[in-house]
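**Q** Next come a sequence and a model predicted from it.
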Amino acid sequence: DAKTTQPNSMESNEEEPVHLPCNHSTISGTDYIHWYRQLPSQGPEYVIHGLTSNVNNRMASLAIAEDRKSSTLILHRATLRDAAVYYCILSQGAGSYQLTFGKGTKLSVIP
Amino acid sequence: GAGVSQSPSNKVTEKGKDVELRCDPISGHTALYWYRQSLGQGLEFLIYFQGNSAPDKSGLPSDRFSAERTGGSVSTLTIQRTQQEDSAVYLCASSLIPVWAGGSRDTGELFFGEGSRLTVL
């Protein structure tokens, strides 16, 4: 099964950009890359997803390496409300509807 | 409400008792998932429902766990003879289209409820 590796924790100053890395060296050619985040005492919420090309939405940008073995979630200006656990997730493989959440990266935002 | 609704939000029970957790997905969402999250851990997949298809039960940890989805909408997760290791937050999620793991189809996003916190004494 394709797995992801993320740092356990990161810190950022408020109003500065944040780059959250994710390694997925065993990704298969058809696996989507998903990012979710979980604020304290809440269920996870969708952030962004992509396959090969970089993606932008109102919340964040997703930069995917050319070989797809890594990706980076970019928050352009961190706010205190962005403090959360960020999960980088791959699919389990073709034919599966499962998303496997690891432990993610706990992002702290410093005022 | 517009989001995924779960009840109860908190449940404390004694070891050996049965519990039922309820999930109301977003109206029109065909896919429904149950996950659980133990303290300080990531999410563990339990079960997946898609329309009228047979559910994917591959994540259920034991035969004490079961789930059903009636009329393609509300789902109930039942834990029989609860054990202390069942203590966790049980999260339900729904999506308009399945989160597809491969192929050329685009994939849906999951909308999660706030969870049901289960404590087994």
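**A** Structure's in. What do you need?
**Q** which residues does B:K17 contact?
**A** Contacts were defined as Cβ atoms under 8 Å, 6 or more residues apart in numbering or on different chains; by that measure B:K17 touches B:R81, B:T82. C-beta here means a position set from N, CA and C on the backbone, and glycine is covered the same way.
**Q** Pass me the low-pLDDT residue ranges in chain B, would you?
**A** B:1, B:97-108 (pLDDT under 70).
**Q** so where do the strands sit in it?
**A** B:5-7, B:10-13, B:19-24, B:31-37, B:43-50, B:65-69, B:75-79, B:88-95, B:111-112, B:116-120 (DSSP state E).
**Q** Equivalent analysis for chain A, please.
**A** Using DSSP E, the strands of chain A run over A:9-13, A:18-23, A:33-38, A:45-50, A:55-56, A:61-64, A:70-75, A:84-90, A:105-110.
**Q** right, so of the ones you listed, which gets closest to B:F112?
**A** Among the strands of chain A, strand A:45-50 comes nearest to B:F112, with 6.8 Å by Cβ to Cβ.
**Q** Show me what counts as buried in the closest one.
**A** A:Y46, A:V47, A:I48, A:H49, A:G50 (16 or more other Cβ atoms under 10 Å in any protein chain shown).
**Q** can that strand be found next to chain B?
**A** Yes: contact of strand A:45-50 with chain B (Cβ under 8 Å from any Cβ of the partner chain) involves A:E45, A:Y46, A:H49.
**Q** would you turn these into TSV with pLDDT and distance to A:T30?
**A** Below are those laid out as TSV (pLDDT from 0 to 100; distance: Cβ to Cβ, whole Å):
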residue	pLDDT	distance to A:T30
A:E45	93	25
A:Y46	91	20
A:H49	88	13
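**Q** nearest to B:Y48, of those residues?
**A** Nearest to B:Y48 among these, with distances taken as Cβ to Cβ, is A:Y46, at 16.7 Å.
**Q** got a list of what the closest residue to that closest one other than its chain neighbours touches?
**A** Leaving aside its sequence neighbours, A:Y46 sits nearest to B:E109 (Cβ to Cβ, 6 or more residues apart in numbering or on different chains; 3.9 Å). Applying Cβ under 8 Å, 6+ apart, we find B:E109 in contact with A:H34, A:Y46, A:H49, B:S95, B:V99.
**Q** so which of those residues comes closest to A:C88?
**A** Ranked by distance to A:C88 (Cβ to Cβ), these are led by A:H34 at 7.6 Å.
**Q** show me the contacts for that closest one.
**A** With contact set as Cβ under 8 Å, 6+ apart, A:H34 has these partners: A:Y46, A:I48, A:H49, A:Y87, A:C88, A:I89, A:L90, A:S91, A:L99, B:V99, B:T107, B:E109.
**Q** Kindly report the same for A:S25.
**A** Contacts for A:S25 (Cβ under 8 Å, 6+ apart) come out as A:K69, A:S70.
**Q** Distance to B:T70 for the contacts of B:E109 - can I get that in JSON lines?
**A** As requested, the contacts of B:E109 are exported to JSON lines (distance: Cβ to Cβ, whole Å):
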{"residue": "A:H34", "distance to B:T70": "29"}
{"residue": "A:Y46", "distance to B:T70": "26"}
{"residue": "A:H49", "distance to B:T70": "30"}
{"residue": "B:S95", "distance to B:T70": "19"}
{"residue": "B:V99", "distance to B:T70": "22"}
